[in-house]
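Student: Provided below are the primary sequence and the corresponding predicted coordinates.
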Amino acid sequence: MSGSLNTGVAVAGREGMADRPPGIRVHDFLEVDTGLSPGEAIAEAERCLQCKKPSCVKGCPVEIDIPAFIARIAEGDFAGAARVIKENNLLPAICGRVCPQEIQCEGQCILGGKESPVRIGALERFVADYERKEGISLPKKAEPTGKRVAVVGSGPAGLTAAAELARCGHTVLLYESLHEPGGVLMYGIPEFRLPKEVVLAEIDQLKSLGVRILKNHLVGTSVSVSELLSFDAVFLGTGAGLPYFMGIPGENLNGVYSANEFLTRVNLMHADRFPDFDTPVRRAGRVVVVGGGNVAMDAARVARRLGARVTLVYRRRREDLPARVAEVARAEEEGVDFVFCANPVRILGDQCVTGVECERMEMCGLDPSGRPEPVPMKDSRFVIDADMCIQAIGQGPNPLLVRMLPGIECGRKGNVIVDAEGRTSIPKVFAAGDVATGAATVILAMGGAKRAARAMDRMLRER
Amino acid sequence: MTLHFSRQGEDEIVGYRVTGARQLAERMHQIWIEAPHVARNARAGQFLVIRIDEKGERIPLTISAVEGDRVRVIFMAVGKTTYQLATLSPGDEIRDVAGPLGRPSEIGFFGHCIIVGGGAGIACCPIIARAARAAGNRVTGIIGARNAGFLILEDEMREACDELHVATDDGSKGHHGFAADVLRQVIAEKRPDRVWIIGPAIMMKVTSEVTRPFGIPTLVSLNPIMVDGTGMCGSCRVVVGGQTRFACVDGPEFDAHQVDFDTLMARQRTYIEEEKLALERFSEHRCRCGGEGGHG
């Protein structure tokens, strides 16, 4: 993604959004984007040129037949539109909200060159929300095959794989270590961006497909590895939930959180409603969030909603922020201050955080990933007063189960090595999502999981 | 209040049944929970995470015994959640039980092992003692508490160990003084090959100083604040040998002589104000309701 907030990219990501006013939404956790009305959806759908060779579909990791579903909307056939989407994606209410459409389908839309691209994401969400209200129709399910499949982890990858495999007629057990299924959709992405009732409604579809969800089960201990390998096939969707810390002095002071911990306390455990709910979270006056991705934006915006002044510190420039442009803009609207080209070197305090000492960075050349390499500037240190510091600098693949699997091949960062169809080095064990790719997006996890599930289905049928 | 995302047609498992509940000593309680997925695979030194109800917090508790599909946890009522847990009776349900979590104790043949338990930390001593003894070790137990009224599992430890010493701070039972004093005496007679020390952080800090000068391999089981218990949040990070480790997945047992206990104790106090508030609120509520429940 390139271009600053003032360029066309930013506008394209923001145009016509039905966001609730920042001054109001910053005091609650209700959804920010209120979505399209039926009339707006039809009007937007009518903008679609119905290209013969639609490039938007190429931009979609799960290859939804975008022109076809948009045509149904234009005709007012919303249920028909839902059926088209669900041939390729069982979780449209989630994808319509959290996919980075601006670099996927909408980024490819031919209209993007002249005016603004068709708002495919908003339309997908509209259709999914319509269907949820009207009653969800389940996709067809193949005859039972009698094959048993274990899906480990119920985040985006696991949900997708479980749905695909259940549709193919296999018996699917979905294991989740937490007390709610959904993975990062439940513990990571805040309510105001992805309401939990939306996630749970999509998970309910899986149950209707016959997927059995076993919560509180940590595979590797609650379920032994030999028990796991006794299934006809195994899908690993354990995600990237291992939080990285910067490794700077002061990191173990009270008031220093990983974004994972902070978000889990609020999103999953409802610490924002303490003491009505039992889980507490620190109520800070000034919060420093470190990082520039979507997780950093989420943490900053949650902290704002808990009443804090929030400063987000990012080591590169504004235009280098990996977060979605729309989410950056919303964070700014909600009063998050941004400090660019700066990086914490020390967290100050005795037992509790009192400040974050940073140094200025300048961009020198490109790093191996092709992004500008931030280099500290001499004598440039400054302190931001804060009583809380949230580190949102990334997560690694969950190592817990992977390190128990004998002979599984892993990359340098602990990610499971897979081929294009999700095969690991262990026969009949497949993997997709963040555990294979490292931390990425919801939709990429879904795309990978779908390819893996298809390959698993072929393998199960050949045997 | 109902959760806005609660659903009908829940999963097969809606709760885990309490099959036994008993008060063991002053503020010390034990409950048995039917949790086959935990019981089937639990090993000495591991813990589980419970969430009592929909509004509950997730708290880690050491697995102190296993019988068939049931696991036992023993805890001291100190905060809202543990007080609430102490009100449960057989037949009640705990909404969530996850586990077993953490690395099991490393059990092998070492020769002579000493297991030192303090307060609620005694809870996980018998299971380790039995495992160590089954591996061929001679096992000496040392258990200590504030006074006789707080002491738990004396009989069980006597049975699990070849030899058992008891200490109380006030001398109301056994040796008058700390478990650390008894450990010093036992070591003076014959140097052990391995020592476990499990109890409150301050007790582990002080007691592990006894074995340090002799270079005796010593393990402590750390009890920092946790959320998920599976390595996802980093709330339980502890400093061991200058490195940040996650107690939930890298531990809970660590080399006692490498642990930064001061950081552990400081981090344990993170939510002290909130804990006080939650407990006050719970006590008031229970008074208003006539304080039903409670047994022992």
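Tutor: The structure has been received and is ready for your questions.

Student: so which residue of chain A lies furthest out from the middle?
Tutor: residue A:379 (37.9 Å; CA atoms, centre = their mean).

Student: verify the stated contact: residue A:357 with residue A:344.
Tutor: Yes - between residue A:357 and residue A:344 a contact is recorded at 6.8 Å, counting by CB atoms under 8 Å. Every C-beta, even on glycine, is put in place using the N, C-alpha and C of the backbone.

Student: so which strand or helix has the residue farthest from the centre of chain A?
Tutor: Counting by DSSP states H and E, there is no helix or strand that carries residue A:379.

Student: just give me the longest strand of chain A.
Tutor: Determined from DSSP state E, the single longest strand within chain A is strand A:353-366.

Student: elements contacting the helix or strand following that one?
Tutor: On the C-terminal side of strand A:353-366, the nearest following helix or strand under DSSP H and E is strand A:372-376. Packing partners of strand A:372-376 (3 or more CB pairs under 8 Å, 6 or more residues apart in numbering or on different chains; DSSP states H and E): strand A:342-349, strand A:353-366.

Student: what residues sit buried inside the last one?
Tutor: Looking back up the chat, that one is strand A:353-366. For strand A:353-366, burial by neighbour count (16 or more other CB atoms under 10 Å in any protein chain shown) applies to A:353-361, A:363.

Student: shouldn't residue B:185 be within a strand?
Tutor: No - using DSSP: H, G, I helix; E, B strand; the rest coil, the secondary structure at residue B:185 is helix, not a strand.

Student: that one: neighbour count?
Tutor: Residue B:185: 12 surrounding residues under other CB atoms under 10 Å in any protein chain shown.

Student: what does the pLDDT read for it?
Tutor: Per-residue pLDDT puts residue B:185 at 94.

Student: please apply the same query to residue A:368.
Tutor: Per the predicted model, pLDDT is 84 at residue A:368.

Student: could you do residue A:447 as well?
Tutor: Here, the pLDDT recorded for residue A:447 equals 89.

Student: and for the one 5 residues further on?
Tutor: With respect to pLDDT, residue A:452 scores 95.

Student: look up how far residue A:396 lies from residue A:374.
Tutor: The gap separating residue A:374 from residue A:396 is 21 Å, by CB to CB, to the nearest Å.

Student: the two - which one has more neighbours?
Tutor: Between residue A:374 and residue A:396, counting by other CB under 10 Å, residue A:374 is the more crowded of the two (21 against 17).

Student: mind listing what the closest residue to that one other than its chain neighbours touches?
Tutor: Nearest residue to residue A:374 in three dimensions, chain neighbours excluded: residue A:361, at 3.8 Å (CB to CB, 6 or more residues apart in numbering or on different chains). Shown in contact with residue A:361 (CB atoms under 8 Å, 6 or more residues apart in numbering or on different chains): A:315-316, A:341-343, A:374-377.

Student: ditto for residue B:268
Tutor: Listed by CB under 8 Å, 6+ apart, the contact set of residue B:268 reads B:201, B:223-225.

Student: ditto for residue A:428
Tutor: Taking CB under 8 Å, 6+ apart, we find residue A:428 in contact with A:229, A:231-234, A:459.

Student: which one of the residues you listed sits in the busiest neighbourhood?
Tutor: Neighbour counts for the contacts of residue A:428 (other CB under 10 Å) peak at residue A:233, which has 25 neighbours.

Student: what's across from that one in the sheet?
Tutor: residue A:149 (DSSP bridges).

Student: how much space between it and residue A:436?
Tutor: The value you get for residue A:233 to residue A:436, if CB to CB is used, is 16 Å.

Student: now do residue B:257
Tutor: For residue B:257, the distance to residue A:436 (CB to CB) stands at 39 Å.

Student: who's more crowded, these two?
Tutor: residue A:436 (29 against 17).

Student: now do the contacts for the more buried one.
Tutor: Counting by CB under 8 Å, 6+ apart, residue A:436 makes contact with A:236, A:397, A:415-418, A:422, A:448.

Student: quick one: the strand or helix carrying it to chain centroid distance?
Tutor: Taking DSSP H and E as the criterion, residue A:436 maps to helix A:434-437. The chain centre lies 13 Å from the centre of helix A:434-437; the measure is CA atoms, centre = their mean, to the nearest Å.

Student: what about residue B:66, helix or strand, and which?
Tutor: Using DSSP H and E, residue B:66 falls in strand B:59-67.

Student: ditto for residue A:299
Tutor: helix A:294-305.

Student: next SSE downstream of that helix?
Tutor: Next along the chain after helix A:294-305, taking DSSP H and E as the criterion, comes strand A:309-313.

Student: check the offset of that following strand from the chain's centre.
Tutor: Worked out by CA atoms, centre = their mean, strand A:309-313 lies 22 Å from the chain centre.

Student: can you check what angle separates it from helix A:294-305?
Tutor: Per axes from the mean of the first three to the mean of the last three CA atoms, to 10 degrees, the angle that strand A:309-313 makes with helix A:294-305 is 160 degrees.

Student: relative to strand A:353-366, how tilted is strand A:309-313?
Tutor: Going by the same axes, to 10 degrees, strand A:309-313 makes 30 degrees with strand A:353-366.

Student: who are the packing partners of strand A:309-313?
Tutor: Counting contacts by 3+ CB pairs under 8 Å, 6+ apart, strand A:309-313 packs against strand A:286-290, helix A:294-305, strand A:337-339, strand A:342-349.

Student: between the ones you listed, which gets nearest to chain B?
Tutor: Ranking these by distance to chain B, with CB to the nearest CB as the measure, places strand A:342-349 first at 10.5 Å.

Student: can you give the strand pairings for that closest one, parallel or anti for each?
Tutor: In the sheet, strand A:342-349 lines up against strand A:353-366 (antiparallel) (DSSP bridges).
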